[in-house]
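J.: sequence first, then the predicted structure:
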Amino acid sequence: MKFLSILLIFLFSLMGCSQNELKKEETTTYFFIRHTEKDLSNPKNKDPELTEEGKIRAQKWAKVFSEVKLDMVFSTDYTRTRNTAKPIAESQNLEIVLYDPGNLNDLDFQEKSKGKTCVIVGHSNTTPDFVNKIIGNKKYSSIDEKIYGKLFVITIQNDEIADLVLTID
């Protein structure tokens, strides 16, 4: 399964590249994931920790991305998203860059991430919204609260945008 995932990511990142093109073109690649399983034991807690299952899944995400050279790891400023992003960032010696889920795909984000390969950790509603803003189409709806393994992949090359969704368990 891991090999298939990496193969799909690699093949997807090459989409839009012609075999006849010799010059290297600037490509931006985004990997969007939702935070992993959160502790729901206290419904009043607006910023819960990850469950043990969530911590394990966060480590698995780090393994999924271990074969991908990342330039940046973004997270919203919530415990569950930061703790999902942390193993990914640490495995690649990167700092987590915080973003505002109320201001998706702003100019600052676009400038920071242009030409880079990035993981963006968000939420069940903001992750598909962020993807939709980048692709310029309301293609994706909120992720079901019980689903934590969606991986949205976007590549941008020469103003052409390609998107793909995978499920990683």
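T.: Okay, I see it. Numbering: from 1, shown residues only.
J.: center of the protein, which residue is that?
T.: residue 32 (2.1 Å; C-alpha atoms, centre = their mean).
J.: for the closest residue to that one other than its chain neighbours, pull up the helix or strand it's in.
T.: Distances taken as C-beta to C-beta, 6 or more residues apart in numbering place residue 152 nearest to residue 32, at 4.0 Å, with adjacent residues excluded. The way it works is simple: take the backbone N, C-alpha and C, and place the C-beta from them, glycine included. Assigned by DSSP states H and E, residue 152 falls within strand 150-157.
J.: next structured bit after that strand?
T.: Criterion used, DSSP H and E; the element after strand 150-157 is strand 160-167.
J.: measure stretch 120-129 end to end?
T.: End-to-end span of stretch 120-129 (C-alpha to C-alpha, to the nearest Å): 12 Å.
J.: could you pull out the buried residues of it?
T.: 120-124, 126-129 (16 or more other C-beta atoms under 10 Å).
J.: what's next to that stretch, contact-wise?
T.: Contacts to stretch 120-129, defined as C-beta atoms under 8 Å, 6 or more residues apart in numbering, come from residues 30-35, 73-76, 78, 81-82, 84-85, 88, 99, 101, 104, 130, 140-145, 147, 150, 152.
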